[in-house]
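Q: sequence first, then the predicted structure, then my questions.
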Amino acid sequence: MLVDGELIQMGKKQGRNYPTNRRQVDRIRSELGMVFQSFNLWSHMTILENIIEGPVHVLKRPKAECIAEAEALLEKVGIAGKRDAYPAHLSGGQQQRAAIARSLAMKPKVMLFDEPTSALDPELVGEVLRVMRALAEEGMTMLVVTHEMSFARNVSNRVIFMRSGEIDSDGTPDELFGQGGSANFRQFIGNFGG
Amino acid sequence: MDFAFLFSTMKTLLAALPMTLALFSLSVFFGGLLALLIVWMRVSANPVARNFAKGYIFIFRGSPLLIQMFLVFYGLGQFGFIRYSFVWPALREPFFCAVLSLAFCTAGYTAEIFRGGLRAVPSREIEAARSVGMSGFLLVRRILAPIAFRHALPAYSTEVVMMVKSTALASLVTVWEVTGVAQRLIAQSYRTMEVFLCAAAIYLVLNFLILQAMALLEYRLTPHRRDAPLFPVTPR
C-alpha cells in the first residue's frame, strides 16, 4: 500500500491484512488528524491536557511550547475559557471543537473527519462547521464524511457520494449538485435537502 | 473497667503494630507489582500466558489464605531440594513466609480488580490515543493505566483493607503481630474480652485511616466526575 509516497508493508494474519511495521503506522497516524463522531476526548484530562497530550508524549516536544500553541488553538476554535474544564463539563459542540484543536495540535498534513456533526444538536452543528470552514479556507487538506449537504456543497472542492460501500458519484460540488449526480444522488439530496 | 489493664494491654499491642504494618505494606507492595504482571498476562493475546494467569487467579482466589500460608511455612520445608537451596535462609523465617503468601494471595485478587478497571476503559478513548500515534507502553502509561486505575480504585481500596485484616493470620505461623501478641496476652491474663477489643480497636483505627486516604486519593483523581464548577473556569 502506498501512502504519501511511502510504502506500507502489509502482512496477512488470520486471513486479514495487517501492516507489518507498527512503528511506521504510529508515525503515519501522528501525521494524520482524526476527528471522531463522538469526540473521543480523554475524560480524565482537562481540555488543555487533552490538546498537549499528543505533542508532548508522542512528538516529545517541550511542554511550555505546546501549552502556548494549545492556548492559541483554543482561541482559534473559540473555547479559550474552557482551558481547565473537563470534557464532561462541555456541550457537544464545545467538545467537538476541543477535539478539532487536539487534532490540530499534532500539526497534521491531512485531517480526517468521521461525521463530526452527527452526534450534535442542530443548534450546535453551526459552531463546529464554522471552525471547519475556517480550516478549509486556510488551505488544510480535509477528508470529511458528512450528511451536511450544504456544507459539502459550499466548502469542498471534490464530492464523493457513497452508496452501500461503493462510489456512486464523484466530481466537483458544482458538477454533482448541478447536473452531474446520479439518480441515487438526486434522490438522496431530495431527502436531505440540497 | 480496669483502665490500668486496658492501658498496659494497649501499650503492649501497639508495640506489635510496626510488625502488622510491615506485613501489610510489604505484601500490598509486592502483591501489587505481581498483580500488574498477572493482569498483563491475563489480557495478553498469548494463550500460554493467558491461561497461566487464569490458573494463578483461580488457585489463589479459590483456596483459603490460611492454607496457602501453612503450605509455604510448613509445607515447603519437607522438600530437601528447598531445604538445602539458597532460598532456605529466607523461607525458614516466619515473617518472610507470611509476606510471601499474603503477596501471592492479594496478587490474584488485585489482578482481577485491575482487569475489571481495564475493561471499563472506553474503547473510544483508546481509539483517540491510537489516532495520535500512541501504541504499546506509551498507550498503557498515558491512557489505559490512568483510566483503568480510576475505575479500579473503589474495589482496590476494599482489597487493601482486607489485607490489613489478613495480616492477623500471620500470627498462626508465629509472627508476633498485633493479633499474635493479643493471643499471648490472653494466655497470660485469661481476659479475652478486653484484649481482643483493644486489638480490634487498633485494626479499626488503622483501616479508618487507610480508607480515608484512599477516598482522598479517589477524590483527587476524579475531578472530571464531579459537577462542573458553577462559575465558568477562567484561564489561570
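A: Nice, I can see it.
Q: contacts, neighbours, all on C-alpha from now
A: Fine.
Q: so what's residue 2 scoring on pLDDT?
A: All of this refers to chain A. Residue A:2 is assigned 58 on the pLDDT scale.
Q: actually, chain B is the one I wanted.
A: Confidence score, pLDDT, at residue B:2: 84.
Q: and it, how many residues sit next to it?
A: Neighbour count of residue B:2, defined by other CA atoms under 10 Å in any protein chain shown: 7.
Q: any stretches of the chain with poor pLDDT?
A: By default, I'm working from chain A. Chain A contains residues with pLDDT under 70 at A:1-5, A:192-194.
Q: other chain: chain B
A: Applying pLDDT under 70 to chain B flags the ranges B:229-236.
Q: do that again at 80, thanks
A: B:1, B:227-236 (pLDDT under 80).
Q: and the spatially most central residue of it, what does it touch?
A: With distances taken as CA atoms, centre = their mean, residue B:28 lies nearest the centre of chain B, 3.6 Å away. With contact set as CA atoms under 8 Å, 6 or more residues apart in numbering or on different chains, residue B:28 has these partners: B:103, B:106, B:160, B:163.
Q: which one of these sits in the busiest neighbourhood?
A: Within these, residue B:106 tops the neighbour count with 27 neighbours, counted by other CA under 10 Å.
Q: can you tell me the closest non-neighbouring residue to it?
A: residue B:31 (5.6 Å; CA to CA, 6 or more residues apart in numbering or on different chains).
Q: so what's the residue count around that neighbour?
A: 25.
Q: who's in contact with the residue of chain B found nearest chain A?
A: Proximity of chain B to chain A (CA to the nearest CA) peaks at residue B:133, 4.2 Å away. Residues near residue B:133 by CA under 8 Å, 6+ apart: A:25, A:26, A:27, A:28, A:29, A:30, A:54, A:58.
Q: name the element it belongs to?
A: Secondary structure assignment for residue B:133, by DSSP states H and E: no helix or strand.
Q: follow-up on the earlier one: include neighbour count and secondary structure when you put the contacts of residue B:133 into JSON lines, please.
A: Listed next are those as JSON lines, based on neighbours: other CA atoms under 10 Å in any protein chain shown; DSSP: H, G, I helix; E, B strand; the rest coil:
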{"residue": "A:25", "neighbour count": "19", "secondary structure": "helix"}
{"residue": "A:26", "neighbour count": "18", "secondary structure": "helix"}
{"residue": "A:27", "neighbour count": "15", "secondary structure": "helix"}
{"residue": "A:28", "neighbour count": "19", "secondary structure": "helix"}
{"residue": "A:29", "neighbour count": "18", "secondary structure": "helix"}
{"residue": "A:30", "neighbour count": "25", "secondary structure": "helix"}
{"residue": "A:54", "neighbour count": "23", "secondary structure": "helix"}
{"residue": "A:58", "neighbour count": "20", "secondary structure": "coil"}
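Q: tally up the residues packed near residue 79, please.
A: Answering for chain A, as no chain was given. Neighbour count of residue A:79, defined by other CA under 10 Å: 18.
Q: let's do chain B instead
A: 9.
Q: with residue B:97 instead?
A: 24.
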